[in-house]
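Colleague: My questions concern the predicted model and sequence given below.
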Amino acid sequence: MSAPILGPGFNALFYKECLRFWKVAFQTIVAPVVTTLLYLLIFSHVLESNVKVYDGRVSYTSFLIPGLVMMAVLQNAFANSSSSLIQSKMMRSIIFILLPPITSLEIFCAYVFGAMVRGLCVGLGVWLITFPFVGAAAAVPQQPLWALAFAACGSAIMGTLGLIAGIWSEKFDHLAVFQNFIIMPLTFLSGVFYSIHSLPAFWQSLSHFNPIFYMIDGFRYGFFGIADVSPWRSLAVVAFFVIALSIIAMRMIASGYKLRQ
C-alpha cells in the first residue's frame, strides 16, 4: 500500500496555519471585512450615478462588489503565508518545521492551503455583508463555478507569492517592498474600481500585462456573465501563474534558500 502524498506532517502544519489566523480572527478576518466595507460605502456613494459599466447593463455598486470581494481574497491570502513565514524565520521557530520528516510538498501545500482558507473566509465575509446594498438575488453569481474557480486559483497564486516573499525576505521591511510596491499597485490598477474599457487605449493595453486583472475580471464574469476579456483567456493566464509560481516556491523550499542559513 503506497504512502499518501500528503501525510501527518501536512495535516499538523496546515492545522497550525489555520489556527494561527483563527485565534486572532477579529484582526485577520473581521478587520479586513470592515475595511472593504468602507471602500464599498465610499465608492458606491460617490460614483454610483456618475460611472456606467458594461453599457449600463450593470449598476456600478453591483460591478464594484465582485472586485472588492476578490481584492480582499487576494490581499489576505498573500498576508497569511508571507507573515507566517517571516515570523517563523525571525523567531527561529522555522527549525521546528525543517527538522521533522516533512516533505517540501507538504510544507508548500500547508502554507498555501492555509493562505487560501483565510483569503476565502475574508472574501465570504465581504460578500455576505454586501447583500443589503444590492439585494441577495443580485449578489448571487450567475456562473458560480467560474467565480469559485477564479477565487480558488487567485488565492492560491497570492498564497504562493506570499510564501516566496516570506522566504526571500529577511525582515519585515523586505516584506513591505512586496506589499507596497508590487501587490498594492497591481491590485488597485487591476480593474477593481473600474472597467478597463473606460481607460485610454494605452492604459487598456498596459492592463493586459497585469495578472491580477485576469483574476478579478474572471471572477466578475462569474457574477454577471460579462467580462472585459474572454474568461477562458483569463483562466489560462491564471493557471499559468499558479504553475509557474508553485514551481519557484517548491524549488526554494527544497533547496533551503534563506531557510537553513
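Modeller: Ah, there it is.

Colleague: Which SSE is immediately downstream of the longest helix along the chain?
Modeller: Secondary structure of the chain read by DSSP state H shows that its longest helix is helix 60-90. Per DSSP states H and E, helix 60-90 leads on to helix 95-98 as the next helix or strand towards the C-terminus.

Colleague: Just the CA trace of that next one, in CSV.
Modeller: Extracted C-alpha coordinates of helix 95-98, given in CSV (Å, rounded to 0.1, in the frame of the first residue of the first chain):
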residue,chain,number,x,y,z
ILE,A,95,13.7,25.0,12.6
PHE,A,96,10.7,23.0,14.0
ILE,A,97,9.3,22.8,10.5
LEU,A,98,12.5,21.9,8.8
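
Colleague: Buried residues in it, which are they?
Modeller: I97 (16 or more other CB atoms under 10 Å). In short, each C-beta sits where N, CA and C put it, glycine included.

Colleague: With stretch 207-217 instead?
Modeller: 207, 210-217.

Colleague: do the same with stretch 17-32
Modeller: 17-18, 20-21, 28-29, 32.

Colleague: I'd like the residues you listed written out as JSON lines, with distance to G123, secondary structure and pLDDT added.
Modeller: Below are the buried residues of stretch 17-32 laid out as JSON lines (distance: CB to CB, whole Å; DSSP: H, G, I helix; E, B strand; the rest coil; pLDDT from 0 to 100):
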{"residue": "E17", "distance to G123": "17", "secondary structure": "helix", "pLDDT": "95"}
{"residue": "C18", "distance to G123": "16", "secondary structure": "helix", "pLDDT": "96"}
{"residue": "R20", "distance to G123": "19", "secondary structure": "helix", "pLDDT": "94"}
{"residue": "F21", "distance to G123": "14", "secondary structure": "helix", "pLDDT": "95"}
{"residue": "T28", "distance to G123": "13", "secondary structure": "helix", "pLDDT": "95"}
{"residue": "I29", "distance to G123": "10", "secondary structure": "helix", "pLDDT": "96"}
{"residue": "P32", "distance to G123": "9", "secondary structure": "helix", "pLDDT": "95"}
